[in-house]
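# Test case, fold it:
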Amino acid sequence: MRMRLGRWIAGVLLLSLFSLPSQASKYSDVLLLGQVAEPQSLDPQVATAANDSRILVNIYEGLVRNADGTLTLEPALAKSWDVSDDGLTYTFQLRDNIRFHDGSPFNAQAVRFTFERMLDNQHPYYFTGPFPLSFFFSAIDKIDTPDDLTVVFTLKEPFAPFLSNLATPAGLIVSPAAIKQYGKDFSRHPSGTGPFKFDEWTANQRVVVSSNDVYWDGKPNLKYVVFRPITDANTRVAEMLSGGIDAMVEVPADNVPLFAADSRFHVYEATGPHVWYSMLNASLPPFDDVRVRQAVNYAVNKQNIVKYILQDSADVAEGPIPSAFDWAFDKETAAYPYDPEKARELIKEAGAEGQKIVFYVTEGGSGMLDPIPMATAIQADLKAVGLSVEIQTFEWNTYLSKVNAGLKEAHMAEMAWMTNDPDTLPFLTLHSASWPDKGGFNSGYYSNKQLDALLDKARVTNNLEERAALYQQVQKIVHQDAPWLFVANWKQNAVANNHVQYFKLQPNFNLLLKDVRKD
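Numbering: from 1, shown residues only. Below is the predicted model of the structure:
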């Protein structure tokens with residue numbers, strides 16, 4: 001009874017604290033973080049947005065992780081691993097004496113459960129999906145657990161991105177006990193082994209996590225982190241200026257100079273593998289004609305978007321593989337130049353003059369930068385070359401549900417991806433095997449068998465130079481076929497007040513908050 005009373009009192013105090021966010025930011029052990037949207041899910045195998053991942057990576061852990069400040073892999077829940085010479089067998093030795101936040105043990109069986117849940121459609125908890133990023137692990141043939149601290153993955157064929165995919169949120173290890181208890185509602189009752197434990201999710205208000213005081217890699221400095229969804233950029237900025245939040249991610253470009261000039265704040269910037277694009281529906285006229293897709297790329301003044309809307313917080317994108325992957329990036333493929341006359345010629349040749357275009361646009365969302373002004377600029381540029389564009393806007397999670405299901409009625413849709421490996425984006429969004437009805441994100445129904453073959457080969461090639469050459473060919477083909485309007489590679493940013501210490505951005509766009517403190 002005493003324990004229940006203590007938990008009740010703590011709950012009342014939390015409710016009081018978090019109902020007054022401008023007061024909560026004054027507490028040295030509470031961090032209030034402004035996010036761009038309400039989470040979609042707190043189940044790491046279900047979630048797909050970076051917005052959700054920033055929460056997930058603080059609750060859960062994977063077998064491996066990206067080292068602080070880099071995309072280099074290091075041990076996490078696995079203390080070591082070995083890869084067989086043929087690239088087919090990965091053996092992981094796990095850390096001992098670790099428990100999930102619900103008290104159940106972390107062990108090899110939990111790892112096996114995590115992956116089989118999303119890969120085996122006969123698994124008793126497969127119904128807790130869908131698992132849209134299970135593609136990351138489709139090369140797995142079987143998983144063996146010789147003992148509680150050993151996991152052996154046997155692959156169907158060599159799969160070069162396997163380790164880097166394990167470091168993504170889709171590879172985070174979940175508590176089997178919690179999934180068995182909550183079923184489909186697990187996304188609202190997450191349980192991992194990370195530095196913070198889930199406390200509360202109040203829709204459209206906050207997600208609260210608290211310190212995992214027995215975390216194996218050191219107790220966090222903060223007692224609580226409150227993730228506040230503030231979808232309107234101007235409201236996020238106002239909250240930051242007034243002290244309603246301690247930090248915010250994805251600062252609107254035109255507000256960066258405001259914070260940079262104010263001694264109360266510190267602006268953080270970092271480059272990472274990000275691509276902002278508009279997919280073009282290759283299954284519907286006029287974008288079933290490559291000439292019109294190319295015309296769109298010539299018609300839109302990406303340099304103006306980057307300079308005037310994004311305030312130079314991004315570079316013009318050349319294709320699907322950003323220059324952050326410097327080893328795989330094709331330096332010979334230049335961005336489409338702004339050439340409206342060329343665009344008009346191609347549209348005329350294709351007989352697409354006056355074609356009406358339905359353009360799906362999000363009101364905001366993870367990595368989406370300034371989506372409505374960007375869409376408006378695109379609309380104006382396309383009108384100037386003879387295409388009539390109707391913009392339809394949606395709230396972020398509604399938008400994802402419409403776009404990820406495939407563009408049945410729309411001709412264009414905005415999207416942004418942040419990835420850990422050059423394989424991820426082109427395979428999941430451009431491969432013929434990744435159409436929505438097959439579980440992928442190729443919502444524009446683009447297909448090129450030559451591209452498919454290159455992507456398939458790159459996945460099974462462990463030689464880095466060979467992989468690089470294959471991805472450079474991918475870049476050339478996609479640039480020529482123009483299944484997207486290639487727009488921008490974002491340089492991510494955030495701002496925090498000067499009471500926040502040890503805050504930093506990661507190149508994979510996640511936030512690691514264990515070492516953050518407030519003075």
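# and the gap between Leu42 and Gln506?
Distance of Leu42 to Gln506, computed by C-beta to C-beta, to the nearest Å: 19 Å. (Glycine included, C-beta is placed from N, CA and C.)
# Looking at those two, which one has more neighbours?
Leu42 (23 against 19; other C-beta atoms under 10 Å).
# I'd say that one and Lys197 touch.
No. Judged on C-beta atoms under 8 Å, Leu42 makes no contact with Lys197 at a distance of 12.0 Å.
# Now the common contact residues for those two.
Applying C-beta atoms under 8 Å, 6 or more residues apart in numbering, one finds that Leu42 and Lys197 are jointly contacted by Ile59.
# can you pull out the helices in the stretch 401-519 of the chain?
424-430, 449-459, 464-481 (DSSP state H, counting those that start in this stretch).
# Check what contacts the second one and list those residues.
Pointing back at helix 449-459 there. 139, 159-161, 423, 426-427, 430-433, 467, 470-471, 473-474, 477-478, 481.
# Apply 10 Å and report the result again.
For helix 449-459, the surrounding residues in contact (C-beta atoms under 10 Å, 6 or more residues apart in numbering) are 138-139, 157-162, 328, 421-423, 426-428, 430-434, 448, 466-474, 476-478, 481, 483.
# Buried ones from these, can you make that a PyMOL selection?
Provided next is the PyMOL selection string for whichever of the contacts of helix 449-459 are buried by 16 or more other C-beta atoms under 10 Å:
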select buried, resi 139+158+159+160+161+162+328+421+422+423+426+427+428+430+431+432+433+434+448+467+468+469+470+471+472+473+474+476+477+478+481+483
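# what lines up beside the strand ranked longest in the chain in the sheet?
For the chain, the longest strand by residue count, based on DSSP state E, is strand 484-497. Using DSSP bridges, the strands paired with strand 484-497 are strand 247-249 (antiparallel), strand 265-271 (antiparallel), strand 274-280 (antiparallel), strand 314-316 (antiparallel).
# So the closest residue to Ser164 other than its chain neighbours versus Leu56, what's the distance?
Residue nearest to Ser164 in three dimensions, not counting chain neighbours: Asp421, with 4.4 Å by C-beta to C-beta, 6 or more residues apart in numbering. Distance, Asp421 to Leu56, by C-beta to C-beta: 18 Å.
# Go ahead and confirm Pro426 touches Val474.
Yes. If you go by C-beta atoms under 10 Å, Pro426 and Val474 touch, sitting 5.6 Å apart.
# Name the residues contacting each of those two.
What both Pro426 and Val474 touch, as defined by C-beta under 10 Å, 6+ apart, is the set 319-321, 451, 454-455, 458.
# Neighbours of the nearest residue to Phe265 once chain neighbours are set aside, how many?
Among residues not flanking Phe265 along the chain, Phe259 sits closest, at 4.5 Å (C-beta to C-beta, 6+ apart). Other residues near Phe259 number 21, with proximity taken as other C-beta under 10 Å.
# what do you get for Asp456?
15.
# And it, how close does it get to Asp423?
The spacing between Asp456 and Asp423, counted by C-beta to C-beta, is 10 Å.
# Would you mind grabbing the residues shared as contacts by the two?
Listed contacts common to Asp456 and Asp423 are 431, 470; contacts here mean C-beta under 10 Å, 6+ apart.
# picking up where we left off before, show me what the mean pLDDT comes to for the longest strand of the chain.
For strand 484-497, the mean per-residue pLDDT is 94.
# Equivalent analysis for stretch 117-134, please.
Computed over stretch 117-134, the mean pLDDT rounds to 95.
# Then stretch 36-49?
94.
# go on, stretch 91-99?
98.
# go on, stretch 229-244?
Average pLDDT, stretch 229-244: 93.
# Please export the C-alpha coordinates of it as PDB.
Extracted in PDB, the C-alpha atoms of stretch 229-244 (Å, rounded to 0.1, in the frame of the first residue of the first chain):
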ATOM      1  CA  PRO A 229       4.700  18.000 -29.900                       C
ATOM      2  CA  ILE A 230       4.400  21.500 -31.200                       C
ATOM      3  CA  THR A 231       3.500  21.200 -34.900                       C
ATOM      4  CA  ASP A 232       3.400  24.900 -35.700                       C
ATOM      5  CA  ALA A 233       6.900  26.200 -36.200                       C
ATOM      6  CA  ASN A 234       6.000  29.800 -35.100                       C
ATOM      7  CA  THR A 235       4.600  28.400 -31.900                       C
ATOM      8  CA  ARG A 236       7.700  26.300 -31.200                       C
ATOM      9  CA  VAL A 237       9.800  29.400 -31.700                       C
ATOM     10  CA  ALA A 238       7.600  31.400 -29.300                       C
ATOM     11  CA  GLU A 239       7.700  28.600 -26.700                       C
ATOM     12  CA  MET A 240      11.500  28.600 -27.000                       C
ATOM     13  CA  LEU A 241      11.800  32.300 -26.600                       C
ATOM     14  CA  SER A 242       9.400  32.400 -23.600                       C
ATOM     15  CA  GLY A 243      11.100  29.500 -21.700                       C
ATOM     16  CA  GLY A 244       8.200  27.100 -22.200                       C
END
